[in-house]
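Asks: What shape does this take:
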Amino acid sequence: MLSTLSRRRPLAAASAAVAGALALGGLVALAPSASAGEFLANGGFEAGSLTGWTCDAGAGVVTGQAHGGTYALKATPSASATGQCKQTVTVSPNTTYTLSAQVNGSYVYIGVDGGTSTWTPGTGGGYAQLSVSFTTGASQTSAGVFVHGWYGQPAYLADDISLQGPGSGTTTPPTTPTTTPPTTPTTTPPTTPTTTPPTTPTTTPPGSGGLPAHALVGYLHETFANGSGYTRLADVPDSWDVIDLAFGETDSPTSGQIHFNRCSVSECPSVESDADFKTAIKAKQAKGKKVLLSIGGANGEVQLTTTAARDAFVSSVSSIIDTWGLDGVDIDFEGHSLSLNTGDTDFKNPTTPVIVNLISALKSLKARYGSGFVLTMAPETFFVQLGYQFYGSGPYGGQDPRAGAYLPVIYAMRNDLTLLHVQDYNSGPIMGLDNQYHTMG
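Replies: Numbers count the residues shown, from 1 in each chain. As a prediction, the model looks like this:
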């Protein structure tokens, strides 16, 4: 049975529907009327600063690279942030506005919070214009417009950002330029439950790996210290139904050899002994909890490029499961672990080795441990939902080959997958099956 679950932490509330305040407009600029006004402050960054904008860390103004004037925005995305700059403006209800920008770089987006956006996969080394229109809702009086890149991509430039609409534009900028630090890494375990556990007993659906109908999943750092202190497994709240031990990683991305090296005493002074750790695992399992090995994480790249790597993966993961007496695995492949070769366009019949070998490895693990084996996945939206709009590199190449790359794995394992909890919070705007863009937050 395939269940879905929100991701790991309190800040990970997924937006389930596009805000009704905005309606999709055309993806081309509308000619402003005679009464059109400019609604953005410092859209050309000619103040020589980020005044008026709220930006992720790594954003600033530069000279010598402007489209017009002297200054331009330069922002560098990270593994956990898109390099976004945002400005909130005052708008009128039931009014159409056009947002445009000159951008230079790969995977650059512009758009409006809760509404539509547009993007370019690349501008070929020069500036190119992006433009998108939106219509405000019946009672809407403010809108947040943004420009951003994409996780892990190179720095991008933006200049001459403009929001045109009827009337006299006014903005509500901060009094001083502000920057927003990147979101915490995706591997941070919640310090409090991410969902409210049921107050009445729940039934366990058939084929669910022994999980309740509503399961709370937590990620427990076991192999390193992340600055928030070390939590012993025995001290994990009983509200956690699934405990993902983070993380199983490789020394070489293509070796397939997974290791689970518990945090050292020097790095984690309060770490328990191996014997106490095993005792805690059994105690949690006695209470009906599932303890899994989470493989990958934000920094753990795994690419099963060969059958030898596949076999090493199965062997090493099985050894870890047997050594610690675990209930299964969580596949948390991020970054560049999964991608699709050019021409691999059918998610039901993949041909790319890293995809085919991963599917084969997971099927082998399932066959080895039987129906009680718990298999979960925690992909980013880039690898799942984005595949609806752009799947892989496309039949002729040119797109990001990682787009939708989890889909063939999910499809192949659909009868054996216990939980699929997509990182709905860790994303830029993503088009849903309703053909509307959904902004996370």
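
Asks: can you pull the contacts of residue 75?
Replies: 55-56, 58-60, 83-85, 147-149, 155-156, 158 (CB atoms under 8 Å, 6 or more residues apart in numbering). (C-beta placed from N, C-alpha, C; glycine too.)

Asks: what is it paired to in the beta sheet?
Replies: Beta-bridge partners recorded for residue 75 (DSSP bridges): residue 59, residue 156.

Asks: which parts of stretch 271-283 are buried?
Replies: 271-272, 277, 280-281 (16 or more other CB atoms under 10 Å).

Asks: so what's residue 427 scoring on pLDDT?
Replies: Residue 427 is assigned a predicted lDDT (pLDDT) of 73.

Asks: meant to ask about residue 168
Replies: 61.

Asks: swap in the one 3 residues further on?
Replies: At residue 171, the pLDDT value in this model is 45.

Asks: and if you look at residue 26?
Replies: 28.

Asks: For the closest residue to residue 232 other than its chain neighbours, list the residues it contacts.
Replies: Leaving out its chain neighbours, the residue that sits closest to residue 232 by CB to CB, 6 or more residues apart in numbering is residue 272, at 5.1 Å. Counting by CB under 8 Å, 6+ apart, residue 272 makes contact with 232-234, 280.

Asks: thinking again about what came up before, who wins for most neighbours among the contacts of residue 75?
Replies: residue 149 (30 neighbours; other CB atoms under 10 Å).

Asks: Could you pull up the residues touching it?
Replies: Contacts of residue 149 by CB under 8 Å, 6+ apart are 75-77, 82-83, 105-109, 155-156.

Asks: do the same with residue 381
Replies: Residue 381 touches 422-424, 426-427, 430, 440, counting by CB under 8 Å, 6+ apart.

Asks: Please produce a ChimeraX select command covering the buried subset of the contacts of residue 272.
Replies: Here is the ChimeraX command that selects the buried residues among those (16+ other CB under 10 Å):
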select :233,280
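
Asks: Adding pLDDT and secondary structure, write the contacts of residue 272 out as a markdown table.
Replies: Output for those, formatted as a markdown table (pLDDT from 0 to 100; DSSP: H, G, I helix; E, B strand; the rest coil):
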| residue | pLDDT | secondary structure |
| --- | --- | --- |
| 232 | 94 | coil |
| 233 | 96 | helix |
| 234 | 95 | helix |
| 280 | 96 | helix |
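
Asks: which of the contacts of residue 272 lies closest to residue 363?
Replies: For the contacts of residue 272, the residue nearest residue 363 by CB to CB is residue 233; the value is 29.2 Å.

Asks: about what we covered before: turn the buried residues of stretch 271-283 into CSV, including secondary structure and distance to residue 135.
Replies: Below are the buried residues of stretch 271-283 laid out as CSV (DSSP: H, G, I helix; E, B strand; the rest coil; distance: CB to CB, whole Å):
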residue, secondary structure, distance to residue 135
271, coil, 56
272, coil, 58
277, helix, 57
280, helix, 56
281, helix, 55
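
Asks: which residues of the stretch 301-441 of the chain score low on pLDDT?
Replies: Within the stretch 301-441 of the chain, the stretches with pLDDT under 70 are 441.

Asks: what ranges do the helices span in it?
Replies: Secondary structure of the stretch 301-441 of the chain (DSSP state H, counting those that start in this stretch): helices at 307-324, 353-369, 386-389, 407-412.

Asks: Tabulate those helices (CSV), appending mean neighbour count.
Replies: Formatted as CSV, the helices of the stretch 301-441 of the chain follow (neighbours: other CB atoms under 10 Å):
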stretch, mean neighbour count
helix 307-324, 18
helix 353-369, 19
helix 386-389, 18
helix 407-412, 22
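
Asks: Same list, those, but as TSV with distance to residue 288 please.
Replies: Output for these, formatted as TSV (distance: least, CB to CB, whole Å):
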stretch	distance to residue 288
helix 307-324	18
helix 353-369	18
helix 386-389	35
helix 407-412	26
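
Asks: out of these, nearest to residue 401?
Replies: Here helix 353-369 is closest among these (CB to CB), at 10.4 Å.

Asks: So what angle separates the directions of the closest one and helix 307-324?
Replies: Interaxial angle of helix 353-369 relative to helix 307-324 (axes from the mean of the first three to the mean of the last three CA atoms, to 10 degrees): 40 degrees.

Asks: Report the distance from helix 353-369 to the chain centre.
Replies: Centre-to-centre, helix 353-369 and its host chain are 24 Å apart (CA atoms, centre = their mean, to the nearest Å).

Asks: which helices and strands does it pack with?
Replies: Packing partners of helix 353-369 (3 or more CB pairs under 8 Å, 6 or more residues apart in numbering; DSSP states H and E): helix 307-324, strand 328-333, strand 374-377, helix 407-412.

Asks: Alpha carbons of the third one, as PDB, please.
Replies: Think strand 374-377. Listed next in PDB are the C-alpha coordinates belonging to strand 374-377 (Å, rounded to 0.1, in the frame of the first residue of the first chain):
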ATOM      1  CA  VAL A 374       9.600  -1.200   5.300                       C
ATOM      2  CA  LEU A 375      10.500   0.800   2.300                       C
ATOM      3  CA  THR A 376      10.100   4.600   2.300                       C
ATOM      4  CA  MET A 377      11.300   7.400   0.000                       C
END
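
Asks: List the pairing partners of that strand within its sheet, with orientation.
Replies: When DSSP bridges is applied, strand 374-377 pairs with strand 328-333 (parallel), strand 419-420 (parallel).

Asks: follow-up on the earlier one: now distance to residue 212 too, for the helices and strands packed on helix 353-369, in TSV please.
Replies: As requested, the helices and strands packed on helix 353-369 are exported to TSV (distance: least, CB to CB, whole Å):
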stretch	distance to residue 212
helix 307-324	22
strand 328-333	16
strand 374-377	13
helix 407-412	22
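
Asks: of these, which approaches residue 289 most closely?
Replies: Closest to residue 289 of the helices and strands packed on helix 353-369, according to CB to CB: strand 374-377, at 10.7 Å.

Asks: quick one: residue 401 and residue 436, what's the gap?
Replies: 25 Å (CB to CB, to the nearest Å).

Asks: Residue 164 too?
Replies: For residue 164 relative to residue 436 (CB to CB), the value is 23 Å.

Asks: Neighbour count for those two, which is higher?
Replies: Neighbour totals were compared for residue 164 and residue 436, and residue 164 leads with 22 against 17 (other CB under 10 Å).

Asks: Is the more buried one in a helix, a strand, or coil?
Replies: strand (DSSP: H, G, I helix; E, B strand; the rest coil).
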